[in-house]
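1. Only the shape, not the letters, is given here:
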């Protein structure tokens with residue numbers, strides 16, 4: 001996936017992806033992706049950031065992303081990646097954390 005902005009730094013890419021994770025077309029993905037981003041974006045490598053960028057910005061239907069992440073539907077090969085595996089594992093919520101709302105953007109930005 002070509003960067004949205006040529007020469008986008010990793011710091012700017014992380015901030016953009018945090019915002020895009022939080023501002024989704026459906027509440028379920030807003031919560032799932034923003035909490036996932038809060039936990040993982042700061043430690044993702046550049047290739048992982050590119051995988052995540054592609055995953056959340058290429059599919060035209062937010063429900064598809066949600067179904068793949070929750071394993072309700074199989075993930076198409078083009079979106080299957082290390083990051084997709086991380087998101088699926090995160091979606092299982094094995095620690096049974098309360099995930100009823102997404103963190104606000106100010107909180108996310110302060111984590112950088």
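-> It's in. Since this is a predicted model, take the numbers as computed values, not measurements.
2. What lies in contact with whichever strand or helix holds residue 50?
-> Counting by DSSP states H and E, the element that carries residue 50 is helix 46-57. With Cβ atoms under 8 Å, 6 or more residues apart in numbering as the test, helix 46-57 has contacts from 1, 3-4, 10, 13-14, 17, 20-21, 33, 37, 41, 44, 65, 79, 81-84, 87. Yep, even glycine has a C-beta here, placed from its N, CA and C like the rest.
3. Just to be sure, which of those are found in helices?
-> 10, 13-14, 17, 20-21, 33, 37, 65, 82-84, 87 (DSSP state H).
4. hmm, back to that, filter the contacts of helix 46-57 down to the buried ones and hand me the PyMOL line.
-> Written as a PyMOL command, the selection of buried residues from the contacts of helix 46-57, which uses 16 or more other Cβ atoms under 10 Å, is:
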select buried, resi 13+14+17+20+21+33+37+41+44+65+79+81+83+84+87
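5. where does this protein have its least confident helix or strand?
-> When each helix and strand of the chain is scored by mean pLDDT, DSSP states H and E, helix 105-110 comes last, with a mean of 53.
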